[in-house]
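Participant: Generate a structure from the sequence data that follows.
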Amino acid sequence: MPWWQVALPHAGVTITPYPTLRQILLLSCIAFPVAQLFIYPLLGEDSPHAGMVAVELFLVWLVVLLVRRQRWSAEDVLLLNAVPLTALWVAGISALGAALLATQFDQLCSEVLTVLGWQAPAQLLHVLVRIQLITDPTSALVVVFAVIIIPAVCEEVFFRGFVFTGLRYHHGPATAIIGSALLFAAAHLNPWQFPALLFLGLFLGALVHWTHSLYPSLLGHAAINSLSVTAINLRTHTGTDVLGAVDPVPLMLLLGAGLSLVAGIRWLRQSPPIMPILSPYTRPAPADGPADAWR
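Facilitator: Next up, the predicted model:
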C-alpha cells in the first residue's frame, strides 16, 4: 500500500487521509448552488441574517458529514492545532492591516470597472450595507453573530480547513493557498469584489500555512468582518469615513496598515509553529537523518 494511503478498518477499501481535488470540487459544486439558489432565497428574503447563517451552517454541515463518512481525523483535516497566543494577536492585527489595504484595492477596482461601464448593482450594494447596520442593542447582537462570528468560523472551516488541507496534502502549499483563495473569492458570487476577496483569501491561507493552525485565520477573518461593520456604521451614524466605507482610506492609515501587515508577516514566518503539519510535502524522517517537520 502506498505510504500516503490508509485502510479503513473492516471496510476493505483504501482512502487518503485528506480530501482529494475531486472531492473538493464535487462538494463545492453541490454546496454553492444549493446555498445560493435555494437556501438563501428561501430564508433570506424575509431575513437576510437568517439566510446568511443558514448558508454558512450548511457549508459546515457538509464538511462534517464528509469527514465522518470518510472517517478522517477532524482535528487533522480542519487543522485544529495549538498555536501560540502571541500568534493570534499578531494574526488579528495583521488582518486589520490587510483589510484596510483590501478596502483601498477594492475601491480602485470599482473605479476601473465604472470607467468600463460595469458597476455593481445598486440593490447588491444596498443589501451589503443593510446587513451590517446596527440600530439598537438587538441588531448589534444579530450583526455580531450573523456577520462577524458565524461567517468567520464556517468559511474558515470550509475554505482553510477542508479545501486548504486537502490541496496542501496532495498538491503542496502554493496550490493550497492559491486554490483555496480562488474558491473563496468565487463562492461569494460577487465579481465586483473578486480581486479584494482573492487578496484576503491569499492572506488567510498564508496564515494557516505559517502557523499550521486554523485559529489564526479564524481570528483574522473575524477581524476583517469587524472592520467592515465598523466602517459602515461609522459612516452611516456619524458621517466619518476614515476606514474607507466609501471614500479612499487616508494615506497615513494606509501606511500604518502596510507596516502592520509586513511586520506581522515577518513575525509569523520567523516563529516556528507548535504542531507539525502532515503532508507528503513534509515527509517522514529518512533512515539517515531527521526530516524538516516544520516545512
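
Participant: helix or strand for the residue nearest to residue 74 when sequence neighbours are not counted, which one?
Facilitator: Among residues not flanking residue 74 along the chain, residue 67 sits closest, at 5.2 Å (CB to CB, 6 or more residues apart in numbering). From N, CA and C alone the C-beta is placed, and that goes for glycine too. Here residue 67 sits within helix 48-70, counting by DSSP states H and E.

Participant: got the CA coordinates for that helix in PDB?
Facilitator: Extracted C-alpha coordinates of helix 48-70, given in PDB (Å, rounded to 0.1, in the frame of the first residue of the first chain):
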ATOM      1  CA  PRO A  48     -31.000  38.300   5.300                       C
ATOM      2  CA  HIS A  49     -29.200  37.500   8.500                       C
ATOM      3  CA  ALA A  50     -31.100  34.200   8.900                       C
ATOM      4  CA  GLY A  51     -30.300  33.400   5.300                       C
ATOM      5  CA  MET A  52     -26.600  34.100   5.800                       C
ATOM      6  CA  VAL A  53     -26.400  31.900   8.900                       C
ATOM      7  CA  ALA A  54     -28.300  29.100   7.200                       C
ATOM      8  CA  VAL A  55     -25.900  29.200   4.300                       C
ATOM      9  CA  GLU A  56     -22.800  29.200   6.500                       C
ATOM     10  CA  LEU A  57     -24.000  26.400   8.700                       C
ATOM     11  CA  PHE A  58     -24.900  24.300   5.600                       C
ATOM     12  CA  LEU A  59     -21.300  24.500   4.400                       C
ATOM     13  CA  VAL A  60     -20.000  23.300   7.700                       C
ATOM     14  CA  TRP A  61     -22.600  20.500   7.900                       C
ATOM     15  CA  LEU A  62     -21.500  19.200   4.500                       C
ATOM     16  CA  VAL A  63     -17.800  19.200   5.700                       C
ATOM     17  CA  VAL A  64     -18.700  17.400   8.900                       C
ATOM     18  CA  LEU A  65     -20.800  14.900   7.100                       C
ATOM     19  CA  LEU A  66     -18.000  14.000   4.700                       C
ATOM     20  CA  VAL A  67     -15.300  13.900   7.400                       C
ATOM     21  CA  ARG A  68     -17.400  11.400   9.400                       C
ATOM     22  CA  ARG A  69     -18.300   9.400   6.300                       C
ATOM     23  CA  GLN A  70     -14.700   9.100   5.200                       C
END
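
Participant: ok, now which ones touch the residue nearest to residue 74?
Facilitator: For residue 67, the contacting residues are 74, 77-78, 162, by CB atoms under 8 Å, 6 or more residues apart in numbering.

Participant: where does it sit relative to residue 149, distance-wise?
Facilitator: Computed as CB to CB, to the nearest Å, the residue 67 to residue 149 distance reads 22 Å.

Participant: Equivalent analysis for residue 35, please.
Facilitator: Residue 35 is 18 Å from residue 149, by CB to CB.

Participant: Next: residue 254.
Facilitator: For residue 254, the distance to residue 149 - CB to CB - is 28 Å.

Participant: before we move on, back to that, okay, among the contacts of residue 67, which ones form the most distant pair?
Facilitator: Largest separation among those by CB to CB: 74 and 162, giving 10.2 Å.

Participant: returning to that earlier point: which one of the contacts of residue 67 sits closest to residue 116?
Facilitator: Of all the contacts of residue 67, residue 116 sits closest to residue 162, with 35.4 Å by CB to CB.

Participant: Now do residue 243, the pLDDT please.
Facilitator: pLDDT for residue 243: 83.

Participant: re earlier: can I get the buried part of the contacts of residue 67 as one ChimeraX selection?
Facilitator: Here is the ChimeraX command that selects the buried residues among the contacts of residue 67 (16 or more other CB atoms under 10 Å):
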select :77,78,162
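
Participant: out of the contacts of residue 67, which one sits closest to residue 271?
Facilitator: Checking the contacts of residue 67 against residue 271 by CB to CB gives residue 78 as the nearest, at 21.7 Å.

Participant: my read: that closest one touches residue 157, true?
Facilitator: Yes - between residue 78 and residue 157 there is a contact under CB atoms under 8 Å: 5.9 Å.

Participant: Straight-line length of stretch 33-49, end to end?
Facilitator: One end of stretch 33-49 sits 19 Å from the other (CA to CA, to the nearest Å).

Participant: which residues in this protein form helices?
Facilitator: Along the chain, counting by DSSP state H, helices occupy 21-34, 40-44, 48-70, 74-77, 85-115, 122-130, 137-143, 150-155, 164-171, 173-187, 194-211, 215-238, 251-270.

Participant: Right, I'll call it a day here.
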